[in-house]
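Novice: Provide a 3D model corresponding to the input given below.
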Amino acid sequence: MSDSIVSTASFPIRVAATFTAEPVAGALTFLGDLLGLGLTPTFAPYGQVFQEVLSEAGEARVLLIRPGDWLGDPLRPDAGALHALLDDLADAVRSAAGTSGAPIVVLFCPDTADRRVTVGAEDRLAAALTGVPGVQVVTSARLVSWFPGLTWQHSYTERLGAVPYTEPGYAALATVIVRSLHAVTTPRPKVIVVDCDNTIWDGEVAEAGISVPPARRAIQRMLVEQVRAGRLVCLCSRNAEADVTEVLANHPDMVLRPEHVTAVRANWQAKSGNLRSLADELDLGLDTFVFLDDDALQIAEVSANAPEVLALQVPADAVEADAYLRHLWPLDAPYVTAEDAGRTRSYRDNRQREQIRRKSATLAEFLDRLELRVTVRPARPGEWDRAAQLTQRTNQFNATGVRRGPGELARLAADGAECLVVEVEDRFGAYGLVGLMILGPAPAAIAVDTFLLSCRSLGRGVEHRMLAHLGRLAPARGGTDLRLRFLATGRNVPVKDFLDGLGGRWDGDELVLSADQAAAARYAPEQAPAARPGPAGRSPATPAAADADLIHRIAGEWADPARVAAAARNKGRTATVEGGTVRDRVADLWAEFVSPPSDPDDDFFALHGDSLKMVLLLGRVLEEFQVELPPADFFESPVTVADFVAALANARRPAGSRR
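Specialist: Numbers count the residues shown, from 1 in each chain. Model (predicted):
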């Protein structure tokens, strides 16, 4: 198991901003290395946001925007002109997303302009880009909420070179950029299982009673938001179930209510066993579970006996727990689809199906009583997010295991690929969009590049109906054969078994079937007691312990931008000794940006310094010595350490604020 959340690979990103953005580079690289993302940032020329969006770059793009930079006269802001400009930007981003498979992150940054104007502008652009495949928008309000108390603005360096933020401020921007990219490169959990006592409320329900202070209500609101984003929330507590359900239903301060909770395990059994029981009930792998508990012993027990689960110890203090959960990256949901919003309801529908299954003597009788209806049709533009989710989340019945983003699917369709989605419903309700097939041309055949079906629809003959549809489609497309590509992933044995049972022939990594063979595909359930597809069909999951340690650190120590900034600054450098002479301290600051001076007469610019690095160095001198040095003395070569020491000796400390 790697010590990073994702496999190390080069991940190029292109950053464009309305201000000087290069100071995010160090923290971007540090966090990318920590996560195994291998980020390689490059920067567009200053202010060229529109040019960058409209370019044909293939890498991920990050747009850092301060609406105030586009306001013109800050004393007489023209909101109408700003809105028109952002409408044009929205059009450009939509166009770029439709032609590129790479993600686009639009990050609104803290602004000193009139909030009444800028907030409305942010909301306008966020609304215009909602649901656009591959695009994430982070508002400044959300950004600031993640880092309460952080000092953002650095007026001195902004005056010197349009560098508006403190070093921790730039580290916070880098953190949100990496967080946004992590959300689209790393599989998301499906189930959040939460302890009760001292986790979602204070106290022990079986003892002196409980209270739900504001920080616990904030945690519960987060869980309700997770339900709306498509996660299943379950409770697992060492309590009597009746006590837990009573609190959920009737405690006046609870935000989390019975309708938000998919299942409860309240007993005194091992929590690892309870998690396995939940996985059986939900028909989901343990590797899709996150378990949150304040008790280190319970976390250790789950980690040892259900290592597939991402088990995380939440701080016992309510305020600290709330802050911790705000920085728990796996809970981010970059795209929320209609299927996501209705997922809790769909699992309740499954309980009704299970009751029918138990009353059915055979699987055939069960399917007849379900009145299953399957629809195969072309994907619509607004469905790329959900289709991309299927490629990213489906493991068992996914013929290739290839993961795709919404923008990539949109581009494939624009280039002529035929993307077919599969909808399923029965007498109890709609399963939603649960399958995807991507077809490409081939000589005298239909090439099936992607063939996948969500595990919650398996064992009901849906896959046979998908194949039969392709068989009927082939003659109209001028093909006599189907060629279905299969790539073994270690987890897609069920789809391989399905393909092997179709009677075709293998040609390398493709199964070749005649159109007639495919059209004749029928599900023939055995005449035996009805069996629910369940955990036995799932492949072993990967232990999550190493991921848990890193995720825990990101939500804890690395949630502090000042710590990230210091780590990025000192990466690869020898630790410095505190104190020392002014000359030593200046030389140490110098070495953050260029090679350390080996001689008192070494010139900053001769050591590969430039004007931006000088602005940043002057900002660091202000941080270290609380002195604003006159910039005119430091932008013409040569500049030596001795020049800084002399200037510091002659400078007066400014009265009042440091900035």
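Novice: let me see the mean pLDDT of stretch 282-291.
Specialist: The average pLDDT within stretch 282-291 is 89.
Novice: which residue ranges make up each domain of this structure?
Specialist: Using automatic domain parsing, the domains assigned to the chain come out as 11-185, 191-338, 342-530, 574-650.
Novice: all helices of the stretch 551-659 of the chain, in order?
Specialist: 561-570, 582-590, 611-625, 641-650 (DSSP state H, counting those that start in this stretch).
Novice: would you mind putting those helices into JSON lines with mean neighbour count, distance to Ala44 and mean pLDDT alongside?
Specialist: The way it works is simple: take the backbone N, C-alpha and C, and place the C-beta from them, glycine included. Compiled in JSON lines, those are given as follows (neighbours: other C-beta atoms under 10 Å; distance: least, C-beta to C-beta, whole Å; pLDDT from 0 to 100):
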{"stretch": "helix 561-570", "mean neighbour count": "19", "distance to Ala44": "21", "mean pLDDT": "89"}
{"stretch": "helix 582-590", "mean neighbour count": "19", "distance to Ala44": "28", "mean pLDDT": "83"}
{"stretch": "helix 611-625", "mean neighbour count": "20", "distance to Ala44": "14", "mean pLDDT": "84"}
{"stretch": "helix 641-650", "mean neighbour count": "16", "distance to Ala44": "32", "mean pLDDT": "82"}
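Novice: between those helices, which one is nearest to Ala430?
Specialist: helix 561-570 (44.0 Å; C-beta to C-beta).
Novice: now Ala279: how far from Gly432?
Specialist: Going from Ala279 to Gly432 by C-beta to C-beta, to the nearest Å gives 21 Å.
Novice: sorry, that was for Gly285
Specialist: 20 Å.
Novice: give me the pLDDT for Arg553.
Specialist: Arg553 is given a pLDDT of 89.
Novice: count of neighbours near it?
Specialist: Arg553 has 12 neighbouring residues, counting by other C-beta atoms under 10 Å.
Novice: likewise Glu425?
Specialist: So Glu425, with other C-beta under 10 Å, has 16 neighbours.
Novice: quick one, phi psi at the closest residue to it other than its chain neighbours?
Specialist: Closest residue in space to Glu425, ignoring its immediate chain neighbours: Arg373 at 5.2 Å, by C-beta to C-beta, 6 or more residues apart in numbering. Main-chain dihedrals, Arg373, degrees, to the nearest 10: phi -130, psi 130.
Novice: Arg373: what's it in contact with?
Specialist: Val424, Glu425, Asp426 (C-beta atoms under 8 Å, 6 or more residues apart in numbering).
Novice: does the second one really touch Ser457, like I thought?
Specialist: No. Judged on C-beta atoms under 8 Å, Glu425 makes no contact with Ser457 at a distance of 10.6 Å.
Novice: against Glu246, how distant is Ile200?
Specialist: 14 Å.
Novice: who's more crowded, the two?
Specialist: For Ile200 versus Glu246, neighbours defined as other C-beta under 10 Å are more numerous around Ile200 (28 against 12).
Novice: got a list of what the more buried one touches?
Specialist: Contacts of Ile200 (C-beta under 8 Å, 6+ apart): Val194, Arg216, Ile219, Gln220, Leu223, Leu235, Leu256.
Novice: what sits closest to Phe644 if chain neighbours are left out?
Specialist: Val586 (4.6 Å).
Novice: scratch that, Asp243
Specialist: Val205 (4.8 Å).
Novice: next, count neighbours for the one you found.
Specialist: Close neighbours of Val205, defined as other C-beta under 10 Å, add up to 19.
Novice: what's the pLDDT at Pro540?
Specialist: 36.
Novice: so where is the stretch 251-400 of the chain shaky, pLDDT-wise?
Specialist: Within the stretch 251-400 of the chain, the segments meeting pLDDT under 70 span 335-370.
Novice: again but with the stretch 1-150 of the chain, I slipped
Specialist: For the stretch 1-150 of the chain, the ranges with pLDDT under 70 are 1-10, 57, 72-77, 100-101.
Novice: switch the cut-off to 50
Specialist: Residues of the stretch 1-150 of the chain that meet the criterion pLDDT under 50 lie in 1-8.
Novice: what residues are shared contacts of Glu425 and Ser457?
Specialist: Common neighbours of Glu425 and Ser457, using C-beta under 8 Å, 6+ apart, are Tyr431.
Novice: hang on, the earlier thing: and the residue nearest to Phe644, what does it touch?
Specialist: Here Val586 is in contact with Val621, Val641, Phe644, Val645, Leu648 (criterion: C-beta under 8 Å, 6+ apart).
Novice: the fourth one and Leu622, how far apart?
Specialist: Think Val645. In terms of C-beta to C-beta, Val645 sits 15 Å off from Leu622.
Novice: tell me how far the strand ranked longest in the chain lies from the chain's centre.
Specialist: For the chain, the longest strand by residue count, based on DSSP state E, is strand 429-442. Its chain's C-alpha centre and that of strand 429-442 lie 24 Å apart, by C-alpha atoms, centre = their mean, to the nearest Å.
Novice: what about stretch 69-88, start to end distance?
Specialist: This stretch, stretch 69-88, spans 16 Å end to end (C-alpha to C-alpha, to the nearest Å).
Novice: can you check stretch 69-85 too?
Specialist: End to end - C-alpha to C-alpha - stretch 69-85 spans 12 Å.
Novice: just the helices in the stretch 151-300 of the chain please.
Specialist: With DSSP H, counting those that start in this stretch as the criterion, the stretch 151-300 of the chain has helices spanning 155-161, 167-185, 214-228, 241-250, 271-282, 296-305.
Novice: tell me the mean pLDDT over the longest one?
Specialist: Spelled out, it's helix 167-185. Helix 167-185 carries an average pLDDT of 91.
Novice: related to what we said a few turns ago, closest to Thr157 among the contacts of Arg373?
Specialist: Val424 (57.2 Å).
Novice: taking the centroid of this structure, which residue is nearest it?
Specialist: Ala183 (1.4 Å; C-alpha atoms, centre = their mean).
Novice: separation between that residue and Ala60?
Specialist: Ala183 sits 12 Å away from Ala60, taking C-beta to C-beta as the criterion.
Novice: same thing with Glu463?
Specialist: 34 Å.
Novice: contacts only, for the residue nearest to Asp243.
Specialist: Val205 touches Cys196, Asp197, Asn239, Asp243, Val244, Val247, counting by C-beta under 8 Å, 6+ apart.
Novice: Glu122 too?
Specialist: Glu122 touches Pro67, Phe108, Thr139, Ser140, Ala141, counting by C-beta under 8 Å, 6+ apart.
Novice: out of the residues you listed, which are inside strands?
Specialist: Phe108.
Novice: give me the buried subset of the contacts of Glu122.
Specialist: Burial by neighbour count, 16 or more other C-beta atoms under 10 Å: within the contacts of Glu122 this picks out Pro67, Phe108, Thr139, Ser140.
Novice: Asp123 is in contact with the third one, correct?
Specialist: Yes. When contacts are counted by C-beta under 8 Å, Thr139 is listed as touching Asp123 (7.4 Å).
Novice: okay, and Ala468 sits in which element?
Specialist: Using DSSP states H and E, Ala468 falls within helix 462-476.
Novice: tell me what that helix is packed against?
Specialist: Where contact means 3 or more C-beta pairs under 8 Å, 6 or more residues apart in numbering; DSSP states H and E, helix 462-476 is packed against strand 373-378, strand 418-426, strand 429-442, strand 445-453, strand 481-485, helix 515-519.
Novice: how about the ones you listed, which one is nearest Val227?
Specialist: strand 429-442 (15.7 Å).
Novice: now Ala476: how far from Asp114?
Specialist: Ala476 is 59 Å from Asp114, by C-beta to C-beta.
Novice: which one of the two has more residues nearby?
Specialist: Using other C-beta under 10 Å as the criterion, Ala476 and Asp114 rank with Asp114 on top: 16 against 8.
Novice: what's the spacing between the more buried one and Gly68?
Specialist: Applying C-beta to C-beta to Asp114 and Gly68 gives a distance of 8 Å.
Novice: what's the answer for Gly47, then?
Specialist: From Gly47 across to Gly68, the span is 13 Å (C-beta to C-beta).
Novice: what residues sit buried inside the longest helix that the chain contains?
Specialist: Ranked by residue count and defined by DSSP state H, the top helix of the chain is helix 79-99. The neighbour-count check on helix 79-99 (16+ other C-beta under 10 Å) flags 79, 82-83, 85-86, 89-90, 92-94, 96-98 as buried.
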